[in-house]
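Trainee: Predicted model and sequence follow; I will ask about them next.
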Amino acid sequence: MPIRIPSHLPARDILEKENIFLMDDQRAVKQDIRPLNILILNLMPEKQRTETQLLRLLSNSPLQVNVHFLHTETYESKNVSRSHLEQFYKTFSQVKTNYYDGMIITGAPVEHLPFEEVTYWDELTEIMDWTKDYVTSVLHICWGAQAALYYHYGIDKLKLPKKLSGVFKHRIHAPTVKLIRGIDDEFMAPHSRYTDVSEQEVLACEDITLLASSETAGPFLMISNDEKNIMVTGHVEYDAETLAEEYQRDLAKGARPHIPIDYFPENDPLNMPANRWRSQAYLLFSNWLNYYVYQETPFKWNK
C-alpha cells in the first residue's frame, strides 16, 4: 500500500529502508482516487516505535491510505517530545467534525487501574461514542481492546496473578469470517499484559463473536456482530525484539519478570528471538482494510 504520511515523520526513514511503499503529497494528489483516511489514537508510551509498527502493517495493500495521528488532551505522554506531538499529532477537539474510514485505538500501560480511574477515560469514552457515527470500522489493540469490550459490551478485565508475556499458539473458531481469511488454523501471536478477559463472558455476549483464542492467553480476536468494532488482545504489531526489550526494562526496574514464554530460542534471553507472527499480522491488517474499511466506507461521507 502506498502510505501517505508526513515527510519528516521519523518512521519514514525506517520504512523506506525496509522498501515499504511511501507516497508524498505531490504524487498522491495526481492519483484520481479517494484515499482511505485512517486515524490512529496512539496511547502507547513509546509513540514513535508504535507509529513505525502500525504503518508497516498498513502497507500491504494496493489501496492508498492517509494516516493521521491522535493523542489525548487530558494526559500528556512523558516519553515523547512536545514538538513531535505538535508536528505530527492532533487532538480530538481538532478532528471531531471529520469523518474517517478506519480508526486504530492502541494499547496503553494502565492495566493496573480500573477503567474509570484512567486519567483520560472520559475522553476515550467520548471518542468511542463518536466513532459510532464518524468512523466506518475501529480496530482496538490490547488494552484498547479491553476498553472497547468493557465500554461497548460490559465485559470487564480480570487481573492476572503475573504478567502474561510471550508468544502463544492460537486457534481459529470461525474460519468463514472475512477478517481471518487466509490466516492459518493455528498461528502464533505475542501478548504482553497483566490483565485478561473471560472467554465465557465473551461467548455469552450476543453482540460479539470470538474468532480466535489461545488455551494459555485466552480470547485473542473478537468482532462485533455489526462488524463495527474489532478487538485484538495481543500485539501482532510488535517487532521481533519488542518483548525482549520489555523484559530487560522490567529487569532494570527490579520487577523480577518471568522470561517471556516460548520466545527466546532455548529459553535463553541471550539468544535473538525470531518474528513468527509477521505473516498473520499482515493478513489481519490487510483483511481489515479491505473487507471492513474499503468495501464498507461510503465514497462521500455524510451524516
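Mentor: Looks like it arrived, so ask away. As the structure is a computational prediction, the values presented were derived from the model and not from experiment.
Trainee: Using CSV, list the CA coordinates for the lengthiest strand in the chain.
Mentor: In the chain, taking DSSP state E as the definition, the longest strand is strand 158-172. In CSV, the C-alpha atoms belonging to strand 158-172 read as follows (Å, rounded to 0.1, in the frame of the first residue of the first chain):
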residue,chain,number,x,y,z
LEU,A,158,-9.6,-9.7,35.0
LYS,A,159,-6.3,-9.2,36.9
LEU,A,160,-3.8,-12.0,36.2
PRO,A,161,-1.5,-13.4,39.0
LYS,A,162,1.5,-12.5,37.0
LYS,A,163,2.3,-10.8,33.7
LEU,A,164,1.3,-12.6,30.6
SER,A,165,4.3,-12.3,28.3
GLY,A,166,5.4,-14.5,25.4
VAL,A,167,4.4,-15.9,22.0
PHE,A,168,1.4,-18.2,22.2
LYS,A,169,-0.4,-20.6,19.9
HIS,A,170,-4.0,-19.7,18.9
ARG,A,171,-6.8,-21.5,17.1
ILE,A,172,-9.4,-20.1,14.7
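Trainee: Against which helices or strands is it packed?
Mentor: If contacts are counted by 3 or more CB pairs under 8 Å, 6 or more residues apart in numbering; DSSP states H and E, strand 158-172 sits against strand 186-196, strand 208-214, helix 242-252. C-beta here means a position set from N, CA and C on the backbone, and glycine is covered the same way.
Trainee: What angle do helix 242-252 and that strand make with each other?
Mentor: Between strand 158-172 and helix 242-252, the angle comes out at 160 degrees (axes from the mean of the first three to the mean of the last three CA atoms, to 10 degrees).
Trainee: switch to numbering from 744
Mentor: Done: numbering now begins at 744, and the last item shifts to strand 901-915.
Trainee: I'd like the next helix or strand past the helix or strand of the chain with the lowest mean pLDDT.
Mentor: Of all helical and strand segments in the chain, the minimum by mean pLDDT, DSSP states H and E falls on helix 768-771, at a mean of 49. Later in the chain than helix 768-771, the nearest helix or strand by DSSP states H and E is strand 779-784.
Trainee: where does the stretch 894-1043 of the chain dip in pLDDT?
Mentor: Where the stretch 894-1043 of the chain drops to pLDDT under 70, the residues are 1042.
Trainee: Turn the helices and strands packed on strand 901-915 into a markdown table, columns for distance to Gly897 and mean neighbour count.
Mentor: Formatted as a markdown table, these follow (distance: least, CB to CB, whole Å; neighbours: other CB atoms under 10 Å):
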| stretch | distance to Gly897 | mean neighbour count |
| --- | --- | --- |
| strand 929-939 | 16 | 20 |
| strand 951-957 | 11 | 22 |
| helix 985-995 | 30 | 16 |
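Trainee: would CSV of the ones you listed with distance to Leu1032 be doable?
Mentor: Shown next, in CSV, are those (distance: least, CB to CB, whole Å):
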stretch, distance to Leu1032
strand 929-939, 19
strand 951-957, 17
helix 985-995, 23
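Trainee: Can you pull the phi/psi pair for His883?
Mentor: The phi/psi pair for His883 (degrees, to the nearest 10) reads phi -110, psi 140.
Trainee: I appreciate the help and will end here.
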